[in-house]
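# coordinates only, sequence not included:
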């Protein structure tokens, strides 16, 4: 026997399948009802001369009323539920499922009219009609197993109850011998129909489960195809950006070299320009190398305790010359204390934030401050730069994104904050952002202690889903005075530019 290779479906899939089974059940009900209405005059014709006519007409009226009630339920389904979801279908059947057992009671009561009260030939015809109705109900109701079972059980038990009353009470157990065989035949036929209905239901269910699995597979393939197309688009955008961004400093290097070769006496003027162009190229390649290490999963973590003040002063030595070259104030306010993190990655995070602050600030200055709060150490990078509009504050953490309205965005790949976001996610350091266009920006890094195992797991997960980069949380309003009143001279002017 061939093994079943169908994978199990989830809870949502199970609900969808149940809803489709109800939908399939309701699609067959109109034809089933028409057949039931056609059988009413057949019964009347067969038993017209055998059964009491008042009882026969009463049965016909009750059965017709029940058929009309089922038609009304079918119309309500088509008007209110047919286009709805699985939950609505299941709720509809819970509310109106009683209509099928009531209909079975009406048909089961026909045995009162013909069992042991009409000629055997007429009884045989009536039993054939009842058997055909029961078999037809399997095709119509097997989509929803509980409904089919309630209908069959009610039909069989009603008929058996009438037969038991006739044989045991009215005849006192002295009826013909074939009565017992008829009861046995009815019970056997009832159980056979239940098993047949179960098998047919399982076929329906497997078909819908296969449809759901195929739909999920198609959706997964669609998502993967879209992801591949997005990757191609990102690659094309990256290649275009890389070609443009690297070409500029490299072209400048070539021009400066030619200029220096033709006019060596200008070495003091040209050499600083060559140095700046070289730094620009190095910065571009650094961001590329960071991205490659993150995406390849080759990033290595070394979690240890490090001094916060030393970290900031090391960064001051690196970035103060950049600020001085633009005529910006550069202040560092560091408090003693230690944090648990990866020193290289933490330095990369804060360094990228400082670099951005210097890059997008043309007047005023940059303040790098560390403070101890009730929730732990916090590093803040304040600037009086161009600021970031609210519509861009989530976008800036996307890969290769550059704010269109920012001057100077032609430099770089748009990877700095993307890398910052991913490193913050790996180290477990939440990043908060608040900014006003034209007034400046504040990044606040909450340096919670890094758990080595959790960081390793997040680093691995980030290579699987590179779009899981956390967005900064817009926190409570930024305080107007981020450092103590004993800050160096010149800092109050910077703070005034950053007040919100």
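Received the coordinates, thanks. Bear in mind that the values here come from a model prediction, so they are computed numbers and not experimental data.
# and the helices in the stretch 301-450 of the chain?
308-325, 343-359, 416-427 (DSSP state H, counting those that start in this stretch).
# highest average neighbour count across those helices?
Neighbour counts (mean count of other C-beta atoms under 10 Å) averaged over each of those peak at helix 416-427, with a mean of 23. (Glycine included, C-beta is placed from N, CA and C.)
# quick one: list the elements packing against that helix.
Applying 3 or more C-beta pairs under 8 Å, 6 or more residues apart in numbering; DSSP states H and E, one finds that helix 416-427 makes contact with helix 267-296, helix 343-359, strand 431-436, helix 452-464.
# pretty sure residue 84 sits in a strand.
No. Using DSSP: H, G, I helix; E, B strand; the rest coil, the assignment for residue 84 is coil, not a strand.
# so what does it have for phi and psi?
phi -90, psi -180 (degrees, to the nearest 10).
# how much space between it and residue 12?
16 Å (C-beta to C-beta, to the nearest Å).
# and what of residue 302?
Using C-beta to C-beta, residue 302 is found at 43 Å from residue 12.
# kindly report the same for residue 30.
30 Å.
# ok, now residue 210?
Using C-beta to C-beta, residue 210 is found at 16 Å from residue 12.
# same question, residue 447
Computed with C-beta to C-beta, the distance linking residue 447 and residue 12 is 40 Å.
# of these two, who's got more company?
Neighbour comparison, residue 447 and residue 12: the larger count goes to residue 447, with 25 against 11 (by other C-beta atoms under 10 Å).
# from residue 256, how far off is that one?
Residue 447 is 41 Å from residue 256, where distance means C-beta to C-beta.
# where does residue 152 land on pLDDT?
pLDDT for residue 152: 93.
# element containing it?
Assigned by DSSP states H and E, residue 152 falls within helix 145-164.
# what is that helix packed up against?
helix 99-108, helix 111-114, helix 120-141, helix 178-262.
# give the contact list for the nearest residue to residue 116 once chain neighbours are set aside.
Nearest non-adjacent residue to residue 116, counting by C-beta to C-beta, 6 or more residues apart in numbering: residue 166, 5.5 Å away. By C-beta atoms under 8 Å, 6 or more residues apart in numbering, the contact list for residue 166 reads 115-116, 175.
# now those in a markdown table, with pLDDT and neighbour count?
Below are the contacts of residue 166 laid out as a markdown table (pLDDT from 0 to 100; neighbours: other C-beta atoms under 10 Å):
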| residue | pLDDT | neighbour count |
| --- | --- | --- |
| 115 | 90 | 19 |
| 116 | 87 | 18 |
| 175 | 80 | 15 |
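# secondary structure class for the residue of the chain positioned farthest from its centre?
Relative to the centre of the chain, the most outlying C-alpha is that of residue 174, 69.3 Å out, by C-alpha atoms, centre = their mean. Secondary structure assignment for residue 174 (three-state DSSP): coil.
# how much space separates it from residue 116?
12 Å.
# circling back: please identify the buried residues of the helix holding residue 152?
145, 147-152, 154-156, 158-160, 162-163 (16 or more other C-beta atoms under 10 Å).
# number of nearby residues for the residue lying closest to residue 360 once chain neighbours are set aside?
Spatial nearest neighbour of residue 360, chain neighbours left out: residue 385 (4.1 Å); criterion: C-beta to C-beta, 6+ apart. A count of nearby residues for residue 385, using other C-beta under 10 Å, gives 26.
# residue 385 and residue 440 touch, don't they?
Yes. Look at residue 385 against residue 440 with C-beta atoms under 8 Å: they come within range, at 5.7 Å.
# intersection of neighbour lists for those two?
Common neighbours of residue 385 and residue 440 (C-beta under 8 Å, 6+ apart) are 361, 364.
# and this protein, what are its domains?
Under automatic domain parsing, the residue ranges defining each domain of the chain are 11-223, 295-498.
# next, the distance between the ends of the longest one.
Between the opening and closing residues of domain 11-223 lies a distance of 21 Å (C-alpha to C-alpha, to the nearest Å).
# and that domain, how far out from the chain middle?
Here domain 11-223 is found 40 Å from its chain centre; the criterion is C-alpha atoms, centre = their mean, to the nearest Å.
# and what of stretch 325-333?
So, by C-alpha atoms, centre = their mean, the centroid of stretch 325-333 is 46 Å from its chain's centroid.
# what is the nearest of the contacts of residue 166 to residue 193?
residue 115 (19.1 Å; C-beta to C-beta).
# residues contacting the closest one?
123, 159, 162-163, 166.
# residue 64 too?
37, 40.
# quick revisit: which one of the contacts of residue 115 is nearest residue 261?
Comparing the contacts of residue 115 against residue 261 with C-beta to C-beta places residue 159 closest, at 110.0 Å.
# so that closest one is in contact with residue 112, correct?
No. Counting by C-beta under 8 Å, residue 159 stays clear of residue 112, with 9.5 Å between them.
# tally of neighbours for the residue lying closest to residue 441 once chain neighbours are set aside?
Excluding the flanking residues, the one nearest residue 441 by C-beta to C-beta, 6+ apart is residue 435, at 3.9 Å. Here the count is done by other C-beta under 10 Å, and residue 435 has 23 residues near it.
# so residue 435 touches residue 385, yeah?
No. Using C-beta under 8 Å, residue 435 is not in contact with residue 385, being 9.0 Å away.
# give me the common contacts of those two.
Residues touching both residue 435 and residue 385 (C-beta under 8 Å, 6+ apart) are residue 441.
# surely residue 204 is in contact with residue 21?
Yes. Residue 204 lies in contact with residue 21 (C-beta under 8 Å); the separation is 6.2 Å.
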